[in-house]
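Q: fold the stuff below for me.
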Amino acid sequence: MNFDHMMKIPLLLLLAFSALGQKSVSTIIRSSESIPGKSQYLSTPYNTAGDKLYMVGHQDGTFPSIGWHVKDEMGGIWAHPIKLWDGFSASYQVNNQLIKLDKAIRFVNYPYANEHRYGGQQIKVSRFQFVPDGKAAVYVEYVLENTTNQSQTVKFSMEAISNLRPVWLGERTEMIDYPDQLSFENNQIIAKDGSNNWYAVMSSTHQATNLQVGAAIKPNTALAKSSYSIRIPAHQKETIAFVFSGSSVSKNAATSTCASVLANGTTYVQAKKQRFEKLAKTSAIKLADPKLTQALRWLKYNADWLINDVDGIGRGITAGMPDYPWFFGGDMTYSLQGLIASGRKDVAYSTIELIAKLSEKTNGNGRIVHEVSTNGSVFNPGNINETPQFASLIYQVYRWTGDKAFLQVYFPMIEKGLHWLMKENDKDHNLIPDGNGMMEIHGLDSEMIDVAAYSAKAFLDASKMAEELGKRDLANQYLTTYKAMRLKINKDFWVAGSNSYADFIGTKSQALRLTADAIERAKGLKNDWAVEELTALKGSIEQNPDTTKRGFVLHHNWVVNTPMETGLADNEQAILALKTAEKFRNKFGMYVTGIDRSATSAKAESYAAKVGKSEFTYTGTVMTLPTGVQAISENNYGHPSAAYDLIQRMLRTFSFALPGSIYEVSPDYGMMTQAWNSYAFEVPIIQQFFGIQPEANKKIIELNPSWPDSLAFGSIKNVAIGDNQLAISVKRQGKAIHFHVEQKKPWTLIFRPGSKHYKHWKIDGKTVKPKLVNGYASVTLSGMKHEIVLIED
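A: Numbering: from 1, shown residues only. Just a heads-up that it's a prediction; the model follows:
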């Protein structure tokens, strides 16, 4: 089927082609920093990210079936709440030889773009792609290099598969998928869902010489084929670009976006490059550890990849790619604590607004939702831990911004949420709410340690917020509740025989049921040590006549460390518990569930290779969140070198499979990019190693640096705190440690190093004697710049 008679080149496309002749998108992309991939991971995912659209495929340039949330459909091109394209494949014919561009031999990742490099003797091909900010379109440019001494005419072909279908839980909002229908207009291939105003569009900088409809590969999809003629002079390069766009609203939105991006590709890519360069300069960290320096910069890029702006729903950071590209209450409370310190106030505000709005609409009582698809459907109205964590997040953001209007907006929701937390979930009135926390283990829903720790911390933070708003009676009430909860955590959850906080407080019958399940789990993993320990525990529970509720150390779940993460643990117990936690890690970090620790954990190299193509599972995993929590816990109790060791374990997974990214499950399983990695790295480094603890509302910045012994120097610049900016540099010289502190405005600085005692203090060249405040040596400073030298005992 030939459509030559339909083809007329619009002026817009001629202008686009002319612009590309001057400077190509690929030239701009290649001028940016980059990280090459590994050949053994070419058959694993990558993403090309944008806030209105993203693309997921394999590093070899193909688009295989990916994902389990919508089974086999989480790859391709998505503009939420719909999918647009399954993917595309290109080929070219030169001198009667057909070359398929179906297996790239190299993948290169850029902060805002990607490159696939293909083989070839006469013609070398590279493919570049990026998603412009604010546009539901991906720009894909092929660079064809003629390596011969003669001019070559290439017939370039493109096949694209439309798959206009709804997001996960689409059926709840009556989003029903129908067969796609293709049409061809003005060099554009247009796919429309049969019964919805969902559109997918593809166009090119070159005039198509042939357009055909192919046989559908799977139900409700459509295959479009197009061809283009390209002349390449000897030893020269030519480019051909494509734009894939779409809309869940109208044809005009899809086609106009496609035309705009096609015409302005170089302008849009330059703008995105500049934005990412600016992003790199906010809270810019440089350390004696170059790999960690690089990882911290790319973590900011990773977070940007996960921003999703959905019309009618809101804009916020999502949990992870490819299977969690939607919104989570709990994940947000971790991620945004890192992002507010790395300069992303915009993301913090918009995500909080989105989650608060959805929570209020769904629950109306202050309860924070757990998981929401991009069509607005709430999968889980909220686990118990997420409501108190939201309260602490609001306080943390307030400390960094000093924005009282922000606090006034969200504090009424916090009041309602804490009321709901205790009234609806503490049935025995013992100050510990009952219900699911972070651990999604069947039956683990009584009084959980993480729920208890996060709840206590919430009441402490809420008391400070109430004080800020002049609600002193409420502040005192919250503070009283916090003190009582903290005492209970350190008494009732502490299991002395295990030197650990309990996983949960429950009844004898519940503990026996969970222990029996845990034994089967350990047997399945062939973890003989765990089977032996759990069997002994089961016997001791059976023999114990005590049937009252009490604490049990059973799974050694990572959440037993939340009393240290929140700083609620008594010091003596914290030291013992941190030592116990050392048993449940491998070279990449902390096990999610301690009894999953393998006898061969020291040899762990690839979790993905271990589980293969079986059903997706989190059993037996090591994750960045538990490891980050452990690093924060070590810092809280004066062990920065132990925290640095944990960060190094996570760092081993940076660029392990996807260059520039850190997987959710260490080192190479689950989500290829995960939002809460910001918490795992940026909180222990920015807020603890550098010690930046602001109270922007009071124009005070506390500096409580806790610097690792093996880190020779470090600096952080352009840290936004309210309307102030801060920079710190740290350098070790023998037993001396030097700090240079500089700020834009003369706020009060309280310098209080937390991890060591120092014999001599020099401030701006003068010896000073610090005051003791709460057991810590402290000095209060004013002015814009200070040099501080501390000499260790």
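
Q: I'd say Lys237 and Glu145 touch.
A: Yes - using C-beta atoms under 8 Å, Lys237 is in contact with Glu145, at 4.7 Å. C-betas here are computed from N, CA, C, even on glycine.

Q: for the stretch 601-750 of the chain, what spans make up the strands?
A: Taking DSSP state E, counting those that start in this stretch as the test, the strands found in the stretch 601-750 of the chain are 622-623, 673-674, 692-695, 700-703, 713-721, 724-733, 736-743, 748-751.

Q: check which helices and strands the third one is in contact with.
A: So the one you mean is strand 692-695. For strand 692-695, the elements it packs on are helix 386-401, strand 700-703, strand 713-721, judged by 3 or more C-beta pairs under 8 Å, 6 or more residues apart in numbering; DSSP states H and E.

Q: now the ones you listed in a markdown table, with distance to Thr535?
A: Below are the helices and strands packed on strand 692-695 laid out as a markdown table (distance: least, C-beta to C-beta, whole Å):
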| stretch | distance to Thr535 |
| --- | --- |
| helix 386-401 | 35 |
| strand 700-703 | 49 |
| strand 713-721 | 48 |
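
Q: in contact with the spatially closest residue to Leu512 that is not a sequence neighbour, which residues?
A: Using C-beta to C-beta, 6 or more residues apart in numbering and skipping the chain neighbours, the partner closest in space to Leu512 is Ile541 (5.7 Å). By C-beta atoms under 8 Å, 6 or more residues apart in numbering, Ile541 lies in contact with 508, 511-512, 515, 552.

Q: ok, Ile541 to Gly524 distance?
A: Distance of Ile541 to Gly524, given as C-beta to C-beta, to the nearest Å: 21 Å.

Q: for Met439, same thing?
A: Look at Met439 and Gly524: by C-beta to C-beta, they are 18 Å apart.

Q: ditto for Asn95
A: 57 Å.

Q: over to Lys251?
A: For Lys251, the distance to Gly524 (C-beta to C-beta) stands at 52 Å.

Q: swap in Ile441?
A: Shown here: Ile441 relative to Gly524, a distance of 14 Å by C-beta to C-beta.

Q: average pLDDT for stretch 28-39?
A: Stretch 28-39 carries an average pLDDT of 98.

Q: where exactly do the helices run in the stretch 501-650 of the chain?
A: 508-524, 528-543, 562-565, 571-581, 607-611, 624-636, 640-651 (DSSP state H, counting those that start in this stretch).

Q: what angle do the longest one and helix 528-543 make?
A: Angle of helix 508-524 versus helix 528-543, following axes from the mean of the first three to the mean of the last three C-alpha atoms, to 10 degrees, is 160 degrees.

Q: low-confidence ranges, this structure, go.
A: Applying pLDDT under 70 to the chain flags the ranges 1-22, 613-614, 755.

Q: the longest strand in it is where?
A: In the chain, taking DSSP state E as the definition, the longest strand is strand 152-166.

Q: mind giving me the packing neighbours of it?
A: Under the contact definition 3+ C-beta pairs under 8 Å, 6+ apart, strand 152-166 sits against strand 82-94, strand 137-146, strand 180-185, strand 188-193, strand 199-204, strand 222-232, strand 237-247.

Q: the last one: partners in the sheet, and parallel or antiparallel?
A: Looking back up the chat, that one is strand 237-247. strand 137-146 (antiparallel), strand 199-204 (antiparallel) (DSSP bridges).

Q: likewise for the first one?
A: Using DSSP bridges, strand 82-94 pairs in its sheet with strand 76-79 (antiparallel), strand 97-101 (antiparallel), strand 152-166 (antiparallel).

Q: and Leu296, that's in a strand?
A: No - counting by DSSP: H, G, I helix; E, B strand; the rest coil, Leu296 is not part of a strand but helix.

Q: tell me which element the nearest residue in space to it that is not next to it in sequence falls in.
A: Excluding its sequence neighbours, the residue lying closest to Leu296 (C-beta to C-beta, 6+ apart) is Ile285, at 4.9 Å. Secondary structure from DSSP states H and E places Ile285 in strand 284-287.

Q: direction included, what does that strand pair up with?
A: The strands that strand 284-287 pairs with in its sheet are strand 713-721 (antiparallel) (by DSSP bridges).

Q: so what touches the strand it pairs with?
A: Counting by C-beta under 8 Å, 6+ apart, residues outside strand 713-721 touching it are 281-288, 341, 343, 345, 400, 402, 686, 689-690, 692, 694, 696, 701, 707, 725-732.

Q: could you measure from the most centrally placed residue in the chain over to Thr209?
A: Central residue check for the chain by C-alpha atoms, centre = their mean: the C-alpha nearest the mean position is that of Ala675, 1.0 Å away. According to C-beta to C-beta, Ala675 and Thr209 sit 45 Å apart.

Q: what of Ile716?
A: 55 Å.

Q: ok, now Val138?
A: Taking C-beta to C-beta, one finds Val138 at 23 Å from Thr209.

Q: one more: Leu460?
A: Using C-beta to C-beta, one gets 69 Å for the distance from Leu460 to Thr209.

Q: what's the answer for Ala241, then?
A: Look at Ala241 and Thr209: by C-beta to C-beta, they are 16 Å apart.

Q: what of Gln389?
A: Remark: distance between Gln389 and Thr209 (C-beta to C-beta) = 58 Å.

Q: out of the two, which sits in the busier spot?
A: Legend: neighbour count by other C-beta atoms under 10 Å for Gln389 and Thr209, higher for Gln389 (26 against 15).

Q: pretty sure the more buried one contacts Gly330?
A: Yes - with contacts counted by C-beta under 8 Å, Gln389 reaches Gly330, the gap being 6.4 Å.

Q: which residues are in contact with both of the two?
A: Contact criterion C-beta under 8 Å, 6+ apart; residues shared by Gln389 and Gly330: Ile368.

Q: excluding its backbone neighbours, what's nearest Ser446?
A: Residue nearest to Ser446 in three dimensions, not counting chain neighbours: Gly506, with 4.1 Å by C-beta to C-beta, 6+ apart.

Q: which residues touch the one you found?
A: Residues near Gly506 by C-beta under 8 Å, 6+ apart: 446-447, 514, 549-550, 552.

Q: and if you look at Ser260?
A: The neighbours of Ser260, taking C-beta under 8 Å, 6+ apart as the test, are 135, 137.

Q: any idea of the angle the helix or strand hosting it forms with strand 180-185?
A: For Ser260, the host element (DSSP H and E) is helix 251-263. With the same axes, to 10 degrees as the basis, helix 251-263 and strand 180-185 are set at 60 degrees to each other.

Q: could you check the angle strand 188-193 makes with helix 251-263?
A: On the basis of the same axes, to 10 degrees, helix 251-263 is oriented at 150 degrees to strand 188-193.

Q: downstream of helix 251-263, the next helix or strand is which one?
A: Sequence-wise, the next helix or strand downstream of helix 251-263 (DSSP H and E) is helix 265-281.

Q: now that following helix: buried residues?
A: 265-266, 268-269, 272-273, 276, 279-280 (16 or more other C-beta atoms under 10 Å).
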